[in-house]
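Q: Could you work out the structure for the sequence below:
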Amino acid sequence: MINSILKEIGFSDNCIRIYTRLLETGYSSARQLAENLNMPRPTIYDNLRLLIDSGLVTEKIEDNKKLFGADDVKNLQHLIHTKIDDLKKKDKMITDILPTLNLNIKALEPKIKFYSGTTGIKQVLKDMLWYKDIESLSMWPISEMVKILGKEYHEDLNRRRIRQNISVKAIWPNDNVIDAKINTFLGVGKKHKRKLRLAPRSMTWNMGYWLYADKVAFVSSKNEGFGFLIHSQEFSDLIRVQFEQIWKISKPIKLPSKYSSEFLKTV
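A: Numbering: from 1, shown residues only. Predicted coordinates for the structure are as follows:
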């Protein structure tokens with residue numbers, strides 16, 4: 001546990017090995033650490049200096065020998081809080097420059113990314129989860145999508161979508177639905193951040209798309225097994241206009257909340 005935390009903070013493997021060794025053995029000399037960890041003494045000193053500067057290790061003189069030991073372990077928590085504060089500052093900096101970055105990106109040529117195979121296709125919608133507080137639109141043949149992406153994928157996608165406050169207006173074909181009693185991630189309403197309609201019976205399709213921001217992610221049925229993501233303002237505007245026209249002629253449906261409410265407990 002401590003090793004993974006130190007790794008996340010940014011300490012090297014050598015630093016982590018030295019610190020955990022000191023936690024286990026108490027005070028040690030650089031020579032003892034070098035012998036026990038099979039590490040060159042200069043490397044020991046370099047990493048000890050980093051640990052001392054970070055407040056995780058302290059040094060003392062005993063019998064004219066310099067010894068090193070783990071400092072108060074509460075300093076580790078303080079270090080984590082400092083890291084969090086630094087990340088919050090960087091997050092604010094990114095937020096401040098995002099409008100400029102978006103303008104630069106929009107000036108670039110449209111981008112298309114292709115994915116093949118089930119594993120690759122599951123990457124298609126991950127990009128959407130970087131966004132927050134947006135509305136998305138989806139033409140989603142749900143039974144075909146569950147076949148290729150899996151029920152667990154949809155459950156995780158919807159949990160994360162709700163946490164990110166990404167609402168969705170979804171249209172299903174009449175001949176491509178699944179049982180909401182079993183698939184409780186399909187809740188409808190404000191808490192699920194989903195509106196759902198069934199397309200006219202004359203409309204049927206097996207490939208799905210999900211539109212968000214200025215991007216459209218397409219996923220084929222399991223028969224063909226591919227997906228692609230198009231990043232283009234003009235293309236997404238076109239798909240949006242078409243979606244809204246189909247939405248108008250589609251029928252709203254409601255799903256029993258007594259089943260889907262259990263899913264919300266896991267969000």
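
Q: Okay, domains of this structure per the record?
A: 1-108, 110-264 (automatic domain parsing).

Q: Compare the ones you listed and say which comes out lowest on pLDDT.
A: Lowest mean pLDDT within these: domain 1-108, at a mean of 83.

Q: what's the helix or strand for residue 90?
A: Assigned by DSSP states H and E, residue 90 belongs to helix 74-106.

Q: Distance from that helix to the middle of the chain?
A: 16 Å (CA atoms, centre = their mean, to the nearest Å).

Q: Now the element after that helix, going C-ward?
A: strand 111-116.

Q: What pairs with that following strand, parallel or antiparallel?
A: Strand pairing for strand 111-116, using DSSP bridges, gives strand 226-231 (antiparallel).

Q: Off-centre distance for the partner strand?
A: In terms of CA atoms, centre = their mean, the gap separating the centre of strand 226-231 from the centre of its chain is 19 Å.

Q: do the same with stretch 150-162
A: 12 Å.

Q: Kindly report the same for stretch 215-229.
A: With CA atoms, centre = their mean, you get 20 Å for stretch 215-229.

Q: And that stretch, what's buried?
A: 215, 216, 217, 218, 219, 220, 221, 226, 227, 228, 229 (16 or more other CB atoms under 10 Å). Quick note: C-beta positions are derived from backbone N, CA and C, even for glycine.

Q: who's in contact with the first one?
A: Under the criterion of CB atoms under 8 Å, 6 or more residues apart in numbering, the neighbours of residue 215 are 127, 128, 229, 230, 231, 232, 236.

Q: Just list whatever residues bridge to it.
A: residue 212, residue 231.

Q: can you tell me how far it sits from residue 229?
A: As for residue 215, its distance to residue 229 is 6 Å (criterion: CB to CB, to the nearest Å).

Q: Find residues that contact each of those two.
A: By CB under 8 Å, 6+ apart, the residues touching both residue 215 and residue 229 are residue 127.

Q: Spatially nearest residue to residue 15 (excluding sequence neighbours)?
A: Distance criterion CB to CB, 6 or more residues apart in numbering; nearest residue to residue 15, sequence neighbours excluded, is residue 47 at 4.7 Å.

Q: What about the one you found, how many residues nearby?
A: 23 (other CB atoms under 10 Å).

Q: So it sits against residue 22, correct?
A: No. If you go by CB atoms under 8 Å, residue 47 and residue 22 don't touch, sitting 11.1 Å apart.

Q: Helix or strand next in line after the host helix or strand of residue 240, which one?
A: Using DSSP H and E, residue 240 maps to helix 233-249. The helix or strand immediately downstream of helix 233-249 is strand 251-252, counting by DSSP H and E.

Q: So which residues of the stretch 1-150 of the chain form strands?
A: Here the stretch 1-150 of the chain has its strands, by DSSP state E, counting those that start in this stretch, at 57-62, 65-70, 111-116, 134-139.

Q: Burial-wise, tell me which of those strands comes out on top.
A: strand 134-139 (a mean of 19; mean count of other CB atoms under 10 Å).

Q: what sits against residue 220?
A: Contacts of residue 220 (CB under 8 Å, 6+ apart): 121, 148, 206, 207, 226, 227.

Q: which one of those is nearest residue 140?
A: The closest of the contacts of residue 220 to residue 140 turns out to be residue 207 (CB to CB; 9.9 Å).

Q: Tell me, how many residues neighbour the closest one?
A: 17.

Q: Who are the contact partners of it?
A: Per CB under 8 Å, 6+ apart, neighbours of residue 207: 141, 144, 218, 219, 220, 221, 224.

Q: Need the phi and psi values for it.
A: When read as degrees, to the nearest 10, the backbone of residue 207 gives phi -100, psi 140.

Q: how close does it get to residue 125?
A: When residue 207 is compared with residue 125 (using CB to CB), they lie 14 Å apart.

Q: cool, residue 50 as well?
A: 40 Å.

Q: quick one on the thing from earlier: from the buried residues of stretch 215-229, which is closest to residue 15?
A: residue 229 (39.0 Å).

Q: I figured the closest one hits residue 124, correct?
A: Yes. Residue 229 is within contact range of residue 124, at 5.7 Å (criterion: CB under 8 Å).
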